[in-house]
Every structure is written in structure tokens, then in C-alpha cells.
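# Sequence plus the predicted model coming up.
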Amino acid sequence: MEGHIKNVVSGALVIDKPVGLTSHDVVKIVRRGTNIRRAGHTGTLDPRASGVLVVLVGPAVRLSEFIAADDKRYQATVKLGASTDTYDAEGRITRTAPFAHITEDQFLTLLKSYEGKTLQTPPSYSAIKVQGKPAYKRTRDGEEVELEPREIDVYTLDLLEWAPPEAVLDVYCSSGTYVRSLANDIGEDLQTGAHLIGLRRTKSGFFTLRHAVRLRDLQDAFLTGDWYRHLIPAAELLPDWPTVELDYETVEKVAFGHRIPAGPNPEMTEEGMTRAVSEQGDLVALMSFDENKREWFPKKVFFQT
């Protein structure tokens, strides 16, 4: 059997990105270190932010749409008393106001009002493309950029430390939430102004800082050749998904796009999908359920024979 299977590296490196590098900088480091061109991250972290960055390698990059949509968690430091045009410390101060009168109880009450689903306007200094050009480039060129509000979901917003003018927050939110916008909105509601001065992503979907390797340690592993020990196999990247295990003959069928019977009580995600895994633990495909024919059919095939 092993003679028919191509040994292809496919999985994820969960990296603790340091401040000062873009997410794309990290991807380039991974491409050079692994000698694998097919690599990409699943959610941008600003250069000033640190923390969990998931970089997919090999065929696993095709899981990006599922992993990028996962929830995120951040530790954010907000500074009261001043607003900036970028909503963070890199920007130009646009207003200042007194903040000493704001009490911890007032601040806590306001934080809780942000929990739940709401519409949020992304910052004009963002990578969102407007007619093919990033909004931040248009803004820097002097254009007036107005981005459409987007629905976000803030599951919890907790105060970790209150030391005015600074406050440290734990932000657990849906993908696509701009913590910079959250900081700015808090400042507007308090009428003191506020901006983000520190951001660390502590969780991206299933993966936390406990799963992450420091970039410096990963670079050392590239030099010694044992970086594979940090690679999380593709089959483990959707741990909450139900699994269908395939024997060798069924692997061959699915790899060539054939349908397979689903059985009497198939387990699936809310979207009607499951992951198909070989007996050796390799991710073969993501499968969708055909309710009429009671069959699984391959949605994305990863296995190569």
C-alpha cells in the first residue's frame, strides 16, 4: 500500500509571531525554512501585534476557508485620553480629553454593552480592499475611505487590569472583529478618546499559545532539520469535525472523486460535512452529505495516490 501513496507534507505550523513582522513575513520565513512554496496564514496579525498565527503548509492550505473563519481571542491594551486616526499607537492623535473621572465600574458596565452581535465599522487604515486597492493605501493617498459596517460577535469582553489611562482586556470574538475599532469605539462612548497600544492573539480557533512555537525556535529547527516535530497534521486541524475512517479501497475511490454510502446515522457539522481520514491517520477529503441519496461525496480531496 505504501508504494501507492505520495509522501506529501500537509499540515500547520502554529507560530507565536513576534512584534515587528508582518504575517506575510512569517509565511516567507516558513517557505524558505521548509522549502515548500505552498504556504499561507489563516488570519492577518498586524506588525505591532504578537501571538498565535496559524500557517498552513502543503495541500492543507485548502483548509484555509474553514480555519480562517474560526473565533479569535486577544489580550488587548487600550489607552484612554487620546484617539488616533489609525486607532492604534502608530497613528496621528486626532483628539485628547480628560479620563481621570472614569471609574472602573463605569468602564466595566460599558464593556458588557459590547458583548453580543453588533455592527462594527472597520478602520480606514486596514487591509480591506476597496476596488482592488487596500483601504489603508487609499487613505494614505488622501482619499476619503468609508467602509461598510460588518456584523461581528463579541462573545465575552472582560477587564483583566485597570490602571488608568491603560486598561487590559480579554477579547473573545468572531473572526473579522477589529480590536482597534473596538478600542476607538470605547473611547468615543466614554467621550475620552482611546486607542490600542498593545495586542496579543492568545487563541485562533482551536489553537492557543500552548500549541505555538516561538518563531526563533522554529527557525533553529529549520537549520537542524527537525522542524517536522512542530507540524500539526492536516487531519488534526479540524478537531471538532466528525470523522469517517476509510479503508484502503475506499481511500482510492474517494481520492478519485467517487461517492460512498453514509450509513444509517451519519455524523456531520451544521453545514452537512465531515472529514474522511485513512486508517493511517491521513486526511483524505472533506465530504458533504447528499441527503437524498444518503451518500458522502468529496468536496475537497487532499490525498494523492
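Structure received.
# for the record, mean pLDDT for stretch 228-236?
The average pLDDT within stretch 228-236 is 95.
# residues touching Trp227, list them.
Counting by Cβ atoms under 8 Å, 6 or more residues apart in numbering, Trp227 touches Leu13, Gly33, Thr34, Leu218, Ala221. Glycine gets a C-beta too; all of them are placed from N, C-alpha and C.
# Closest to Arg73 out of those residues?
Nearest to Arg73 out of these is Leu13 (Cβ to Cβ; 19.3 Å).
# In the stretch 201-305 of the chain, where is pLDDT below threshold?
304-305 (pLDDT under 70).
# Quick check, Thr22 in contact with Arg48.
No: using Cβ atoms under 8 Å, Thr22 makes no contact with Arg48, being 10.2 Å away.
# Among the contacts of Trp227, pick out the one closest to Asp153, please.
Closest to Asp153 out of the contacts of Trp227 is Leu13 (27.8 Å), distances taken as Cβ to Cβ.
# which non-adjacent residue is nearest that closest one?
Val55 (4.8 Å; Cβ to Cβ, 6 or more residues apart in numbering).
# Phi and psi next, for Ala286.
Rather than Ala, residue 286 is Leu. Dihedral angles of Leu286 (phi, psi; degrees, to the nearest 10) stand at phi -100, psi 130.
# Make 58 the starting number, not 1.
New numbering, starting at 58: the last item is Leu343.
# from memory it sits against Lys356, does it?
Yes: between Leu343 and Lys356 there is a contact under Cβ under 8 Å: 4.8 Å.
# and these two? which has more neighbours close in?
Higher neighbour count among Leu343 and Lys356: Leu343, with 21 against 15, using other Cβ atoms under 10 Å.
# what's that one in contact with, if anything?
Residues near Leu343 by Cβ under 8 Å, 6+ apart: Leu120, Phe123, Met330, Thr331, Arg332, Ala333, Pro355, Lys356, Lys357, Phe359.
# Now, of those, which are buried?
Buried by 16 or more other Cβ atoms under 10 Å: Leu120, Phe123, Met330, Thr331, Arg332, Ala333, Pro355, Lys357, Phe359, out of the contacts of Leu343.
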